[in-house]
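[1] structure here, sequence nowhere to be found:
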């Protein structure tokens, strides 16, 4: 092989190698995306399985245990923090984790997905921001909230927020189904009615705490 032939050969080889770089980069990027998608699918699957598995023991244990806060506060559950701070911290994942994950879903710009997520965020905005402020402003100092209970609630809300955000923004596949709006408005009626009862009960209980005078049984509403 002459010098000129070698030069042409290596020049063509380098050109071929350079032209293959975009293809290799694309293949690497595709492989990485596929791997990440599989990891997220597994995480979603096992998170959902975990939620189902913790349900029965939680239900059974609460038949024998009273959550140790409010009127059921008692020693033995470790250090405590103020109830408004506890509610703010333990409910907060439902807001910040949902808002963090939602934009990464394949349906994140779908108006139906945004509408479907809105009642969930509205509820937890009330529970994370409004309710703690109302406790802080409208009730007298009470017994502390156990950190151990707040941590358990924080963990549940992490799990629940991840599942809700990823399902609505990414894994839900029937947005174009004919029953979407029927199911949505049926659920919305239940949600609005439930939130109305929830906010009414908050107002009554906070009013009783503000009055003081010991333990009282609220009247009205569903009774």
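    Perfect, thanks for sending it. All values reported here derive from a predicted model rather than from experimental measurement.

[2] going by residue numbers, what spans are helices in this protein?
    Assigned by DSSP state H, the chain shows helices spanning 3-61, 83-91, 93-101, 111-125, 131-138, 147-166, 180-211.

[3] I'd like to check the angle between the last one and helix 111-125, please.
    Spelled out, it's helix 180-211. 10 degrees (axes from the mean of the first three to the mean of the last three Cα atoms, to 10 degrees).

[4] for helix 180-211, which positions count as buried?
    For helix 180-211, a neighbour-count test (16 or more other Cβ atoms under 10 Å) marks 202, 206, 208-209 as buried. All C-beta spots, glycine's among them, are computed from the backbone N, C-alpha and C.

[5] same question, the fifth one
    Applying a neighbour-count criterion of 16+ other Cβ under 10 Å, one finds 131-132, 134-135 buried in helix 131-138.

[6] out of the residues you listed, which is nearest to residue 55?
    Distance to residue 55, by Cβ to Cβ, is smallest for residue 131 among these, at 24.5 Å.

[7] the closest one and residue 101: what is the separation?
    23 Å (Cβ to Cβ, to the nearest Å).

[8] ok so, going back, deepest in the core, which of the helices of the chain is it.
    Comparing these by mean neighbour count (mean count of other Cβ atoms under 10 Å), helix 83-91 comes out on top with a mean of 20.

[9] what lies in contact with that one?
    69, 124, 127-129, 131-133, 135-136, 142, 144-145, 147, 149-151, 153-154, 157 (Cβ atoms under 8 Å, 6 or more residues apart in numbering).

[10] residues touching the residue sitting nearest the centre point of the chain, list them.
    Centroid check for the chain by Cα atoms, centre = their mean gives residue 161 as the closest residue, at 1.1 Å. By Cβ under 8 Å, 6+ apart, the contact list for residue 161 reads 93-94, 97-98, 101.

[11] can we see that at 6 Å?
    93-94, 97-98 (Cβ atoms under 6 Å, 6 or more residues apart in numbering).

[12] and the residue lying closest to it once chain neighbours are set aside, how far from residue 91?
    Leaving aside its chain neighbours, residue 161 sits nearest to residue 97 (4.2 Å; criterion: Cβ to Cβ, 6 or more residues apart in numbering). Counting by Cβ to Cβ, the gap from residue 97 to residue 91 is 11 Å.

[13] need the helices of the chain in CSV (columns: distance to residue 74 and mean pLDDT).
    Compiled in CSV, the helices of the chain are given as follows (distance: least, Cβ to Cβ, whole Å; pLDDT from 0 to 100):
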stretch, distance to residue 74, mean pLDDT
helix 3-61, 16, 74
helix 83-91, 15, 94
helix 93-101, 27, 97
helix 111-125, 28, 97
helix 131-138, 20, 87
helix 147-166, 12, 95
helix 180-211, 18, 89
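
[14] what's the closest of those helices to residue 75?
    helix 147-166 (12.2 Å).
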